[in-house]
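J.: what's the 3D shape of this:
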Amino acid sequence: MSQEWNIKSRGHVCSVCGRPLTDKTPMVSALKEVPNGYERLDCHPECWKTMPRDWTPFSQWDGVYFAPVKETKHEPLKKEDAGELLRQLVTMDDPTMKNVVYVLAVMLERSKILVERDSKELEDGTIRRVYEDRKQGDTFVILDPRLRLENLAEVQQQVVALLSGTKTLGEVAVEEGDGEKHEDAS
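T.: Here you go, the predicted structure:
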């Protein structure tokens with residue numbers, strides 16, 4: 001699988017029966033591995049139990065469906081917040097940003113914006129962490145780069161620079177790429 005991370009939005013109808021999911025009712029969510037990434041399924045609990053399947057979910061969790069709320073548009077923020085930055089980086093799918101993506105996800109988890117739903121160690125030794133946005137219901141599958149403590153301060157500085165606007169994504173990507181070259185040489 002070429003993607004190191006991706007976003008899957010919460011469905012608003014049951015993936016099995018096609019009936020709408022109802023606000024504030026239980027639901028089951030699952031990620032199914034498909035050749036080009038992951039497919040997200042959101043189902044009524046009774047549909048999930050009776051659904052015939054010849055596959056094992058990559059990840060599965062119980063949750064509560066919250067209907068989307070239309071928010072009034074305010075003036076756009078000049079600085080990106082951590083959630084917007086994470087979404088932008090995940091959409092870019094740039095492997096040189098894996099450390100920044102992971103640190104942003106952990107920051108958002110500690111801020112109770114994201115919740116870790118699952119983690120899987122794959123055959124190649126990589127760990128994929130499944131996060132869900134508590135408010136919007138989007139699912140993020142993020143590579144855990146297994147950062148070492150001595151590298152954490154540098155990545156945190158890059159995240160702060162991106163959030164404050166003192167560095168661009170391109171500048172941080174170059175720093176990340178240079179850092180990986182130095183690690184490979186040692």
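J.: the residue nearest in space to the middle of the chain bridge partners, please.
T.: Geometric centre of the chain, nearest residue: Phe140, 1.9 Å, by CA atoms, centre = their mean. When assigned by DSSP bridges, Phe140 has beta-bridge partners Ile7, Tyr131.
J.: wait, it touches Leu31, no?
T.: No - between Phe140 and Leu31 there is no contact under CB atoms under 8 Å: 10.8 Å. To be clear about C-beta, it is placed using only N, CA and C from the backbone, and glycine gets the same treatment.
J.: got a pLDDT number for the residue nearest to the centre of the chain?
T.: The score at Phe140 is 92. That number is its pLDDT.
J.: wait, what's in contact with it?
T.: Contacts for Phe140 (CB atoms under 8 Å, 6 or more residues apart in numbering) come out as 5-8, 86, 90, 105, 114, 130-133.
J.: follow-up on the earlier one: mutual contacts of Phe140 and Leu31, please.
T.: In contact with both Phe140 and Leu31: 8, 130, using CB under 8 Å, 6+ apart.
J.: buried stuff in the lengthiest strand in the chain?
T.: For the chain, the longest strand by residue count, based on DSSP state E, is strand 25-34. For strand 25-34, the neighbour count (16 or more other CB atoms under 10 Å) marks 27-32 as buried.
J.: before we move on, what about stretch 8-19?
T.: In terms of neighbour count (16+ other CB under 10 Å), stretch 8-19 has its buried residues at 8, 10-11, 14-16.
J.: try stretch 93-102
T.: Per 16+ other CB under 10 Å, stretch 93-102 contains these buried residues: 94-102.
J.: which among those gets closest to Gly165?
T.: Val100 (14.9 Å; CB to CB).
J.: so who does the closest one touch?
T.: Per CB under 8 Å, 6+ apart, neighbours of Val100: 89, 155, 158-159, 162, 172, 176.
J.: ditto for Ser15
T.: So Ser15 contacts 41-43, 47 (CB under 8 Å, 6+ apart).
J.: how far away is Lys135 from Asp62?
T.: 18 Å (CB to CB, to the nearest Å).
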